[in-house]
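Enquirer: what follows is a protein structure lacking sequence information:
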């Protein structure tokens, strides 16, 4: 039995209040660890295709992340 092909995907873009990942990790280590664990679970199930920080430059604005 083959699984039905997903006909659409969602992209979530989040802008955080932190200037970079180091700041976020130092202020919210438990939340980041939980987020990474949950993202890995979703990826293992095939529900989450990709996720992570994609803009980590304190000179260009706050840390932004995306998942799809």
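Expert: It's in. These numbers were taken from a predicted model, which means no experiment stands behind them.
Enquirer: from the chain's centre, how far out does stretch 32-39 sit?
Expert: Computed by C-alpha atoms, centre = their mean, to the nearest Å, the separation of stretch 32-39 from the middle of its chain amounts to 9 Å.
Enquirer: residues making contact with it?
Expert: With contacts defined as C-beta atoms under 8 Å, 6 or more residues apart in numbering, stretch 32-39 is touched by 24-25, 48, 51, 67. Any C-beta I mention is one placed from the backbone N, CA and C, and that applies to glycine too.
Enquirer: which one's the longest helix in this structure?
Expert: helix 29-44 (DSSP state H).
Enquirer: buried stuff in that one?
Expert: Buried residues in helix 29-44, counting neighbours by 16 or more other C-beta atoms under 10 Å, are found at residue 39.
Enquirer: all helices for the chain, in order.
Expert: Here the chain has its helices, by DSSP H, at 21-27, 29-44.
Enquirer: follow-up on the earlier one: mean confidence score for the longest helix of the chain?
Expert: Per-residue pLDDT values across helix 29-44 average out to 88.
Enquirer: just give me how far that helix sits from the chain centre.
Expert: 9 Å.
Enquirer: from now on call the first residue 33
Expert: Taking 33 as the first residue, the last one we looked at is helix 61-76.
Enquirer: can you put the helices of the chain in JSON lines and add distance to residue 46?
Expert: Output for the helices of the chain, formatted as JSON lines (distance: least, C-beta to C-beta, whole Å):
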{"stretch": "helix 53-59", "distance to residue 46": "11"}
{"stretch": "helix 61-76", "distance to residue 46": "10"}
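Enquirer: so which of the ones you listed gets nearest residue 44?
Expert: Closest to residue 44 of the helices of the chain, according to C-beta to C-beta: helix 61-76, at 11.3 Å.
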